[in-house]
Each structure stands twice: as structure tokens, then as C-alpha cells.
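[1] Kindly generate the corresponding structure for this input.
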Amino acid sequence: MWGHHPAYGAPFLDGNCHIQLHDATFQASSIELSPLCKIAANIEAGWPLIAGKLGPVDLSKVPPMAERNFEFVYLRDLKAGWYALTSRNYDFSVALVCPLEVFPYPWFWQELRGSFGFPWYGNCYVMAIEPFTSMPASLEKALAAGTAPLIGRGQSLEVELTTLFIPGQATIHSINGDGRVETTSAI
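    Next comes the predicted model:
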């Protein structure tokens, strides 16, 4: 399994941030990792609206700091290998572009002061959308699910990830591998 962990935190990350990504299927973890998860284990749905335990949850909207939350889910069936985190407060987006054929299963992780054991103790407000080769988060289970790619002896794999700073709050329609961004009006 191969993944990257680009994490975002305060002061950039706050309740005025919006996650933009192309269509995807959302798949919750097989176990509930925190009592503050809004989404029950094993739920599958289209991004971003998910049936939560207490009503609909829009995962494209980052919960505010005052609201404790924890989510760990997988994304699959993406149509494009990019996402952007847009800040209304700072008037820009940070985007990550990666090859979808290598990283088809991004892991969506929000530790928004919502887990109380080691190492966070309810004090961390951070999130990541992690490009990953496989799911779920266990090599044994990923092999069983057929999502863990195999690299033969003597073979190697090299990829390029691109991080972009995009001024403004435009709706992003596409970002290609060389960093060209297609947008429309502000969100």
C-alpha cells in the first residue's frame, strides 16, 4: 500500500472551508472509530451528501472548530485525480493533483477535535484527503478486496504529485496534470 498524507490545519482550515472534488463514491470505514462520527460504519453513497446518523451530512463542508467531529472514510470511483480545499476567509484554494491510475482510493480523514485517545486527546483540528493505492486501511484486507497493487521484483513505480495555489473562490471543474485549472464563478 502506498499513500501520501497532505494534512491541513488551522488557521487555514476552519468552518469556512469547502472541499471541491470531482464525482466519487463515498465508503465509510467498517468500524466506527469515534462516538463523534456523524456517519455510521459501512455506509456507501455518492459524494458529497451522505445519510448521517442524525440526518444528511455534506462532507464538502468542513465543520467549524466549535463542533467536534471525526470521520475516516474512503473515496472511490473518482472521475479525476484532484481535489481542492477552498477557504472563504483567505480567498484561495489549495489543490492536489495525482495520477488516478496509481491512487484510485483517496482516504478522507477529519480529526476535528473528535477523538479523545492517543495521540490527539480531543485537541487536534486537522484534516487530509490522502491519495492512496488501496483500501481498506489494512494490507491483508486490501489484498482480499483486490485493491492492493502488486509490484514485481526489480520493478519500480514513479509518480508526480502537484500542489497548486489557486487565488479566489471559483468553482473548479478540472485540473489537469500540468496544473491547468478550469473554473467558473465564485462558490
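[2] got the residue ranges for the helices in the chain?
    Ranges of helices in the chain, per DSSP state H, are 139-145.
[3] Show me what the residue nearest the centre of it bridges to in the sheet.
    For the chain, residue 129 is the residue whose C-alpha lies nearest the centre (CA atoms, centre = their mean; 2.6 Å). Assessed by DSSP bridges, residue 129 has beta-bridge partners residue 108.
[4] And for residue 70?
    Counting by DSSP bridges, residue 70 forms beta bridges with residue 111.
[5] Contact partners for it?
    Contact analysis of residue 70 by CB atoms under 8 Å, 6 or more residues apart in numbering lists 33, 34, 36, 37, 110, 111, 112, 114, 115. In this view, the C-beta of every residue, glycine as well, is placed from N, C-alpha and C.
[6] if we can go back for a sec, measure the residue nearest to the centre of the chain to residue 151 for me?
    Here residue 129 is placed at a distance of 24 Å from residue 151 (CB to CB, to the nearest Å).
[7] so what's residue 185 scoring on pLDDT?
    Listed pLDDT for residue 185 reads 67.
[8] and if you look at residue 53?
    At residue 53, pLDDT is 94.
[9] same deal with residue 177?
    76.
[10] any chance you could map the strands in the protein?
    Taking DSSP state E, the strands of the chain run over residues 7-9, 17-21, 25-28, 44-46, 49-52, 55-58, 69-76, 82-87, 92-97, 107-112, 125-130, 162-167, 170-175, 181-186.
[11] will you turn those strands into CSV that also has distance to residue 136?
    Formatted as CSV, these follow (distance: least, CB to CB, whole Å):
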stretch, distance to residue 136
strand 7-9, 20
strand 17-21, 20
strand 25-28, 9
strand 44-46, 13
strand 49-52, 17
strand 55-58, 20
strand 69-76, 7
strand 82-87, 20
strand 92-97, 21
strand 107-112, 9
strand 125-130, 13
strand 162-167, 26
strand 170-175, 27
strand 181-186, 32
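[12] Just the buried ones from the contacts of residue 70?
    Neighbour-count burial (16 or more other CB atoms under 10 Å) is assigned, among those, to 33, 34, 36, 37, 110, 111, 112, 114, 115.
[13] Out of those, which two are the most distant from each other?
    The most widely separated members of these, counting by CB to CB, are 33 and 112 (12.8 Å).
[14] wait, what's in contact with the spatially closest residue to residue 166 that is not a sequence neighbour?
    Distances taken as CB to CB, 6 or more residues apart in numbering place residue 93 nearest to residue 166, at 4.2 Å, with adjacent residues excluded. By CB under 8 Å, 6+ apart, the contact set of residue 93 is 20, 84, 85, 86, 87, 164, 165, 166, 168, 169, 170, 172.
[15] gap between residue 93 and residue 72?
    From residue 93 to residue 72 the distance is 23 Å (CB to CB).
[16] you'd agree residue 92 is up against residue 172?
    No. If you go by CB atoms under 8 Å, residue 92 and residue 172 don't touch, sitting 11.8 Å apart.
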